[in-house]
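> Build the 3D model from these lines:
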Amino acid sequence: MNKIESLSDLFDMVGCDVSYYDLGRNITKITPQQAIQFDRKQQAYPFPFRQHAWLACLLKSKDTAKKDSANASVIWFIKMPLDEAGCLNLGTRDHFIKSIVDKILHKGEEAGLSEALEDSPYAFKPDQERMASFHAILGKNLHQAPSHYFDDVVQHLSSDLSEQGDRWQTLGLQGIAELAARVNETNYQALIQKAIQQAAKPLVSALCHALEHETLPNSLQTTLIQRLQTEPDALMQASYLRALSRADLDDTLLLPLFGLLGSLTDCTDDDLHKIVALAAKCPHWLGQNPQLLRIIMEKLAHREDGYIAFKQIAAELSQHPEAKQPLWTLLRSGHVSPKLAQAVSYIFTQTPTSVQ
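This is a model prediction of the structure:
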């Protein structure tokens, strides 16, 4: 057996072609070049989230006799830790590879491939929303027909929503995700616009969470920004932020964000919903605009929660390639409020490993 030194070597050994998707912050297809670079530690993992790589690996058999069979493809969901440089931790990656090889050799290639992640500490199960969006995006990329849930959603949104009452509760997440995956198809843009403006809030929220994986047309971005400015509910504001997370941070978006965040010296639980959405889904915005980053960190420093939120947000942002350096610049700055200086002092003296 040839020496197995990478995930690609592993998949070659079992006779599979692999396509990688990142399922961390957003669902993103990883290019073959990116895959080679992070797999062989030539570059950092391109989409770190909570100090891990969250991978969906679509495995397709290279055996032409199996390609049309029901077992021709398998999806693995694996979570691999990253080192201080943001690269795959080679020790745990090699341990993962060894555990897979042992199972496949023990059970046989075909059985081993489908059962290889059983009881694996590296396996994870995406939540329902993420799973629905992943299957919607994968199905669209593979030119598969959408599910019957999609037809239900289209039919619902095509009707007079004022007469539908609570019928939205019968709609499946899969159909909502499949509609979001088609946001750049003209046929469905009007339906999505209508949903954002008229549908029940739980349906709008689920749709926004599915839209966070897509690059939105300008017209829909404008609608979402308008809703962001007029919506009083903090959880819905967070949902709109998630939907906009792949938008460019220009003045049409930046000015409403400043208005949304409000006072530097006050951070309610409602504010925290919005800040968590920005840190989890839009850290690139915070990296691009130091003023926006400072507002968020100042607000967190003013919370009376023992710096819990401050530490968690700082730890997350310190692992993001675009936000890391601006965060360090801010934390080392002498031009911050006494509250922020106190919070910075606290995390370095009490939990020195929180920010790396």
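> Where does the prediction get shaky in the stretch 1-150 of the chain?
1-2, 64-72, 107-112 (pLDDT under 70).
> Same question for the stretch 151-300 of the chain.
For the stretch 151-300 of the chain (pLDDT under 70), the answer is none.
> where along it do the helices fall?
Using DSSP state H, counting those that start in this stretch, the helices of the stretch 151-300 of the chain run over residues 173-180, 186-198, 201-211, 218-230, 234-243, 251-261, 269-281, 283-288, 290-301.
> Give me whichever of these is most buried.
helix 173-180 (a mean of 26; mean count of other CB atoms under 10 Å). Just so you know, the C-beta spots here come from the backbone N, C-alpha and C atoms, and that holds for glycine as well.
> So which elements touch that one?
Here helix 173-180 touches helix 128-141, helix 148-158, helix 186-198, helix 201-211, going by 3 or more CB pairs under 8 Å, 6 or more residues apart in numbering; DSSP states H and E.
> mind checking which of those is nearest Asp9?
In terms of CB to CB, the element of the helices and strands packed on helix 173-180 nearest to Asp9 is helix 128-141, at 24.3 Å.
> Which strands or helices does the closest one pack on?
Applying 3+ CB pairs under 8 Å, 6+ apart, one finds that helix 128-141 contacts strand 16-22, helix 173-180, helix 201-211.
> Identify whichever of the ones you listed lies nearest to Asp119.
strand 16-22 (21.2 Å).
> can you pull the buried residues of that closest one?
Cys16, Val18, Ser19, Tyr20, Tyr21, Asp22 (16 or more other CB atoms under 10 Å).
> can you check stretch 74-85 too?
Val74, Trp76, Phe77, Ile78, Lys79, Met80, Leu82, Asp83.
> on that earlier part again, any chance of the helices and strands packed on helix 173-180 in TSV, plus distance to Lys103?
Shown next, in TSV, are these (distance: least, CB to CB, whole Å):
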stretch	distance to Lys103
helix 128-141	24
helix 148-158	34
helix 186-198	42
helix 201-211	34
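> can you tell which of the ones you listed is closest to Ala280?
Smallest distance to Ala280 across these (CB to CB): 11.7 Å, for helix 201-211.
> With distance to Ser159 added, can I get the helices of the stretch 151-300 of the chain in a markdown table?
Shown next, in a markdown table, are the helices of the stretch 151-300 of the chain (distance: least, CB to CB, whole Å):
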| stretch | distance to Ser159 |
| --- | --- |
| helix 173-180 | 14 |
| helix 186-198 | 10 |
| helix 201-211 | 13 |
| helix 218-230 | 20 |
| helix 234-243 | 23 |
| helix 251-261 | 31 |
| helix 269-281 | 31 |
| helix 283-288 | 36 |
| helix 290-301 | 40 |
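> Minimum distance to Ala56: which of these has it?
The nearest among these, by CB to CB, is helix 173-180 at 14.4 Å.
> I'd like to know which of the helices and strands packed on helix 173-180 lies nearest to Ala279.
From the helices and strands packed on helix 173-180, taking CB to CB, the stretch that ends up closest is helix 201-211, at 16.2 Å.
> Let me have the closest one in PDB, keeping just the CA atoms, if that works.
Output in PDB follows, covering the C-alpha atoms of helix 201-211 (Å, rounded to 0.1, in the frame of the first residue of the first chain):
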ATOM      1  CA  LYS A 201     -41.600  36.100  10.500                       C
ATOM      2  CA  PRO A 202     -40.600  32.500  11.200                       C
ATOM      3  CA  LEU A 203     -40.700  31.800   7.400                       C
ATOM      4  CA  VAL A 204     -38.700  35.000   6.600                       C
ATOM      5  CA  SER A 205     -36.100  34.100   9.300                       C
ATOM      6  CA  ALA A 206     -35.600  30.600   7.900                       C
ATOM      7  CA  LEU A 207     -35.300  32.000   4.400                       C
ATOM      8  CA  CYS A 208     -32.700  34.600   5.500                       C
ATOM      9  CA  HIS A 209     -30.700  31.800   7.200                       C
ATOM     10  CA  ALA A 210     -30.700  29.900   3.900                       C
ATOM     11  CA  LEU A 211     -29.800  33.100   1.900                       C
END
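> Can you pull out the residues in contact with it?
Helix 201-211 is contacted from outside by 129, 132-133, 136, 168-169, 171, 173, 176-177, 179-181, 183, 192, 195-196, 199, 220, 224, 233, 235-236, 239-240, 242-243, using CB atoms under 8 Å, 6 or more residues apart in numbering.
> same deal with stretch 185-194?
For stretch 185-194, using CB under 8 Å, 6+ apart, the contacting residues are 154, 157-158, 161, 179-180, 182-183, 207, 211, 217, 219-220, 223.
> C-alpha coordinates for that stretch, CSV please?
Taking C-alpha atoms only, stretch 185-194 is exported to CSV below (Å, rounded to 0.1, in the frame of the first residue of the first chain):
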residue,chain,number,x,y,z
GLU,A,185,-32.8,32.8,-11.1
THR,A,186,-35.1,35.5,-12.4
ASN,A,187,-38.2,33.2,-12.0
TYR,A,188,-37.8,33.1,-8.3
GLN,A,189,-36.4,36.5,-7.3
ALA,A,190,-39.9,38.1,-7.2
LEU,A,191,-41.1,35.3,-4.9
ILE,A,192,-38.2,35.8,-2.5
GLN,A,193,-38.8,39.6,-2.5
LYS,A,194,-42.4,38.9,-1.7
